[in-house]
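**Q** coordinates for the following, if possible.
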Amino acid sequence: MDIRQLQQLVPEPGRDFDAAACLAVIPALSRLADTPQDPTYHAEGDVWIHTRLVVEALLAQPAYQQASAEQRFVLFFAALLHDIAKPDTTVIDAETGRIGQPGHSRRGAVDARLLLWRAGVPFELREQVCRIIAVHQLPFFALQGDRSGRSAEFLLHKLSWELPVWMLCAVAEADMQGRDYAGKAEVLTAIELWRELAAEEGCLHGPRAFADDYTRIQYLRGARVHPDYPLHAPEGSSVVMLSGLPASGKDTWTARHHPHLPVVSFDDARQALGLRHGQNEGAAAHYAIDRAKALLRERRPFVWNSTHLSAQMRSRTLDLLYGYGAQVQIVYLERPEGEIMRRNQRRDTSLRNDDIRRMLFKWEVPLPTEAHRVTYQAVTG
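**A** Numbers count the residues shown, from 1 in each chain. Below you'll find the model as predicted:
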């Protein structure tokens, strides 16, 4: 499977999609037909029946018909792959028989990322697809805010920095149209109201404006501040936080762009402690964090060189950096899978290629909302 095969699957406006061709090019979709769903929300049947109905509903939308070729690619594959992880997340209650697929959106984004990465899909298009999949159900209930008490406006402001909100609305609408559910009309109304709120907030087709990057990060991290009024930024370290799979070029990038800055690195910590990869990771982390804290107290600039592969891993580091008032730039580096495996085999490391393959299932690319500045340097195979 490659990018050209995927592009051929995307229907032109007014054309039907070829479900058989999709199954031939993406065999993982065949598992959807064997995956049941809760009949309360999906009386139409299994996941593949639902997926086909969702894609058909999307193709009928003016949003799809009026989109550019690249936008149609994103919309089509976000709809086609939105439930790709349901086979692996399905849970059936032994007593009640109720069917659930907890976490299928977030897991689906990871599965879609691997599939599209290996096909050589351009980074920006791939990540738009994955970000939509990760939150594709959010518009169903976003007007109510979320469990953390964050408002519908806040959710829109945040999402507008991460993905095209109009695309998310289009996929969510198709997702609801492509099912047999008693409450469908009510949810479709909620999606339309959320779309209208996004337009009123000025973030339906682009990111919500903020006074500056510091104010934006403080707002997104929960500070009670209005986006239009700047906060006074404290004096803290300027930190470049690297992110990317092993062997994606982080050491080379650091040596080229910041050869004179101190570097905090778990690999260096392991070497200093005489540890192999995977051996006493707690001690290596403690060593590196102590080094970072010393630099932060002195307000010195430095590079934090680690994979920071999942949102959870990055959150721990970012909480520490922001706690010291640091200004953070995330630099994300990416290479094709084959190149990463070849590079890793040539390195002097205890990390095996099989270890990297296992890490792929935790791979979440940094979002633009995570730091004052996020830059992406991805090479597509």
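**Q** flag the shaky bits of the protein, pLDDT-wise.
**A** Using pLDDT under 70 as the threshold, the predicted model of the chain has low-confidence ranges 269-270, 273-282, 348, 381.
**Q** can you point me to the longest strand in it?
**A** Using DSSP state E to define each element, the chain has its longest strand at strand 327-334.
**Q** can you list contacts of that one?
**A** Contact partners of strand 327-334, identified using C-beta atoms under 8 Å, 6 or more residues apart in numbering, comprise 123, 214, 233, 236-245, 248-250, 253, 308, 314, 318, 321-322, 365-366, 370-379. In this view, the C-beta of every residue, glycine as well, is placed from N, C-alpha and C.
**Q** among those residues, the buried ones, what's the PyMOL command?
**A** Here the buried members of these are turned into a PyMOL selection, burial being counted by 16 or more other C-beta atoms under 10 Å:
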select buried, resi 123+214+236+237+239+240+241+242+243+244+245+248+249+250+253+308+314+318+321+322+365+366+370+371+372+374+376+378
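**Q** partner strands of the longest strand of the chain, with direction?
**A** With DSSP bridges as the test, strand 327-334 is paired with strand 238-243 (parallel), strand 373-378 (parallel).
**Q** okay if I get the ones you listed as a markdown table plus distance to Ala283?
**A** Compiled in a markdown table, the strands paired with strand 327-334 are given as follows (distance: least, C-beta to C-beta, whole Å):
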| stretch | distance to Ala283 |
| --- | --- |
| strand 238-243 | 22 |
| strand 373-378 | 30 |
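**Q** so which of the ones you listed gets nearest Leu197?
**A** Leu197 sits nearest to strand 373-378 of all those, at 25.7 Å, using C-beta to C-beta.
**Q** what ranges does the stretch 1-150 of the chain have for its strands?
**A** Counting by DSSP state E, counting those that start in this stretch, one finds strands in the stretch 1-150 of the chain at the ranges 91-92, 99-100.
**Q** deepest in the core, which of those is it.
**A** Among the strands of the stretch 1-150 of the chain, the stretch with the highest mean neighbour count (mean count of other C-beta atoms under 10 Å) is strand 99-100, at a mean of 16.
**Q** what are the contacting residues of it?
**A** Here strand 99-100 has contacts from Pro36, Gln37, Asp38, Thr90, Val91, Ile92, Asp93, using C-beta under 8 Å, 6+ apart.
**Q** just to revisit the earlier point, specify the next element, helix or strand, located C-terminal of the longest strand of the chain.
**A** Using DSSP states H and E, the next helix or strand after strand 327-334 towards the C-terminus is helix 337-346.
**Q** which ones are touching Gln7?
**A** Phe73.
**Q** one more: Thr89?
**A** Thr89 makes contacts with Gln101, Pro102, Gly103, His104, Arg107, as judged by C-beta under 8 Å, 6+ apart.
**Q** now Met313
**A** Residues in contact with Met313 (C-beta under 8 Å, 6+ apart) are Ser306, Thr307.
**Q** try Phe17
**A** Leu9, Pro11, Val55, Glu56, Leu59, Phe76.
**Q** what's the farthest-apart pair in these?
**A** Taking C-beta to C-beta, the two most distant members of the contacts of Phe17 are Leu9 and Glu56; they sit 14.1 Å apart.
**Q** picking that back up, closest to Ala28 out of the strands paired with strand 327-334?
**A** With C-beta to C-beta as the criterion, Ala28 lies closest to strand 373-378 of the strands paired with strand 327-334, at 22.9 Å.
**Q** just the CA trace of the closest one, in PDB.
**A** Only the C-alpha atoms of strand 373-378 are listed here, as PDB (Å, rounded to 0.1, in the frame of the first residue of the first chain):
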ATOM      1  CA  ARG A 373       6.000  26.900  19.900                       C
ATOM      2  CA  VAL A 374       5.900  23.500  18.200                       C
ATOM      3  CA  THR A 375       7.800  22.700  15.000                       C
ATOM      4  CA  TYR A 376       7.600  19.600  12.900                       C
ATOM      5  CA  GLN A 377      10.500  18.300  10.800                       C
ATOM      6  CA  ALA A 378       9.200  15.100   9.100                       C
END
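**Q** check what contacts that strand and list those residues.
**A** The set of residues that contact strand 373-378 without belonging to it, under C-beta under 8 Å, 6+ apart, is 123, 213, 253, 328-335, 365-368.
**Q** go again with 7 Å.
**A** With contacts defined as C-beta atoms under 7 Å, 6 or more residues apart in numbering, strand 373-378 is touched by Phe123, Asp213, Gln329, Ile330, Val331, Tyr332, Leu333, Glu334, Pro366, Pro368.
**Q** one more: stretch 209-216?
**A** Gly202, Tyr219, Val225, Pro227, Asp228, Tyr229, Pro230, Leu231, Ala233, His372, Arg373.
**Q** which one of these is nearest Thr349?
**A** Using C-beta to C-beta, Arg373 comes nearest to Thr349 of the contacts of stretch 209-216, at 29.6 Å.
**Q** could the contacts of Thr89 go into TSV alongside neighbour count and distance to Glu44?
**A** As requested, the contacts of Thr89 are arranged in TSV below (neighbours: other C-beta atoms under 10 Å; distance: C-beta to C-beta, whole Å):
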residue	neighbour count	distance to Glu44
Gln101	21	15
Pro102	10	21
Gly103	12	22
His104	24	17
Arg107	19	22
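**Q** want to throw these into a markdown table with distance to Ala69?
**A** Conversion of the contacts of Thr89 to a markdown table gives the following (distance: C-beta to C-beta, whole Å):
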| residue | distance to Ala69 |
| --- | --- |
| Gln101 | 32 |
| Pro102 | 35 |
| Gly103 | 32 |
| His104 | 29 |
| Arg107 | 29 |
